[in-house]
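# Test case, fold it:
(one chain, ligands or ions: 1)
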Amino acid sequence: MSTVAGILKSSLGRKYVMAGTGILLFLFVVGHLVGNLQVFGPPELINTYAHFLQSKPLMVWGARIGLLVLVGLHVTTAVQLSLANQAARPVGYAGRGAYGSTWQSRYMLGTGIVIAAFILYHLAHFTALLPGINGVGDFSKLKTVLHGEPVRDVYAMMVLGFQVWWVALFYLVAQALLFIHLGHGLASLFQTLGLRNHVWWPRIQLFARGASLAVFIGFALIPISIYLRVVGADYAEMKKAELKSAAMVEAVVPAGKAATH
Ligand code: HEM
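Coordinates of the predicted model:
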């Protein structure tokens, strides 16, 4: 076994993998949040941003593959660490948990699994645009015009998507779990990096709590303000009418035949 493989299979090496992949995933989440907050501006703002990303397929696919590798490593290493912990302590601790462990730390695997399930739903919802799962209709029909070119209407997808109560609720629950997961994960990654001492630990915990709360508030504001019709209500009505008429046209002239008529 090479030295690198040996280190990666050790408990400390695995913790470094968790910390490294965790930092990069956190940076993605913050970047994604900043991009999504543009929904509070006019529709063209987030649509121009989304179109810019979509028009760079090499960058988008590079980021997708990178994220997949990061999530894969983060999840498999978490499962390996958890199995190794159980094997080392088959009886478990008496009472509620290990001495000094916080309630968040005991729920890392559980919150992580629900967040992974949320990401799968989220990809089907807003990236693959599966019509049967959004409670509205076929999002791939939502188009807008930017610089004379028809492009994907991401603003419409969001304002229509979060008017559906169970979608908004599911996103909120997932963000709450992400908040718990990040709050503990951010603090423990600094601990893995050897920064747990009486001077730094209170500051690290403050940073972890503040950063995870800021991410939660930022993401949660989106479904809440859309569901309460504070954002995009008129635009959503207009787009609902467009979707309805597109569906009616399709009922009369099936999509495949439309071009031949
Ligand atoms: C209120 C919360 C969120 C909203 C409104 C939102 C919105 C979106 C939208 C609109 C897209 C599609 C972008 C496009 O097609 O141009 C997207 C993609 C994505 N989101 Fe989110 N997102 C949220 C939370 C999250 C969270 C918490 C994560 C991860 C933990 C996440 C991970 C992703 C990923 C991996 C993609 C796929 C990017 C791609 O390959 O196209 N999102 N999101």
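
# where does the stretch 51-200 of the chain come near the ligand, residue by residue?
Contact residues, the stretch 51-200 of the chain versus the ligand (C-beta under 6 Å from any ligand atom): 53-54, 64, 67, 119, 122-123, 126-127, 154, 158, 171, 178. All C-beta spots, glycine's among them, are computed from the backbone N, C-alpha and C.

# let's see 5 Å
For the stretch 51-200 of the chain, the residues in contact with the ligand (C-beta under 5 Å from any ligand atom) are Arg64, Phe126, Thr127.

# and the most centrally placed residue in the chain, what element?
Central residue of the chain (C-alpha atoms, centre = their mean): Ile119, 5.5 Å from the mean position. Following DSSP states H and E, one finds Ile119 within helix 108-122.

# With Ala156 instead?
Counting by DSSP H and E, the element that carries Ala156 is helix 154-161.

# tell me which residues of that helix are tucked away?
If you call a residue buried by 16 or more other C-beta atoms under 10 Å, then helix 154-161 has these buried ones: Val154, Tyr155, Ala156, Met157, Met158, Val159, Leu160, Gly161.

# Run through the neighbouring helices and strands of the next helix or strand after it.
Using DSSP H and E, the helix or strand that follows helix 154-161 in sequence is helix 165-192. If you count contacts as 3 or more C-beta pairs under 8 Å, 6 or more residues apart in numbering; DSSP states H and E, helix 165-192 packs onto helix 11-36, helix 103-106, helix 108-122, helix 200-227.

# wait, doesn't Thr77 sit right on Met18?
Yes: in this structure, Thr77 is within contact of Met18 by C-beta atoms under 8 Å, at 5.4 Å.

# Next one: Ala87 from the ligand, what distance?
Separation of Ala87 from the ligand (C-beta to the nearest ligand atom, to the nearest Å): 30 Å.

# how near is that residue to Phe52?
Going from Ala87 to Phe52 by C-beta to C-beta, to the nearest Å gives 49 Å.

# Have a look at these two and say which one is more surrounded.
Each of Ala87 and Phe52 has its neighbours counted (other C-beta atoms under 10 Å); Phe52 has more, 11 against 8.

# helix or strand for that one, which one?
Assessed by DSSP H and E, Phe52 sits inside helix 43-54.

# go on, Arg229?
Applying DSSP H and E, one finds Arg229 in no helix or strand.

# ok, now which ones touch it?
Residues near Arg229 by C-beta atoms under 8 Å, 6 or more residues apart in numbering: Gln163.

# Apply 6 Å and report the result again.
Applying C-beta atoms under 6 Å, 6 or more residues apart in numbering to Arg229 gives no contacts.

# what sits up against stretch 127-141?
Ala124, His125, Met157, Leu160, Gly161, Val164, Val167, Leu243, Ala246.

# Which of the residues you listed scores worst on pLDDT?
Taking pLDDT as the measure, the contacts of stretch 127-141 have their low point at Ala246 (79).

# what angle separates the lengthiest helix in the chain from helix 165-192?
In the chain, taking DSSP state H as the definition, the longest helix is helix 57-88. Relative orientation of helix 57-88 versus helix 165-192 (axes from the mean of the first three to the mean of the last three C-alpha atoms, to 10 degrees): 70 degrees.
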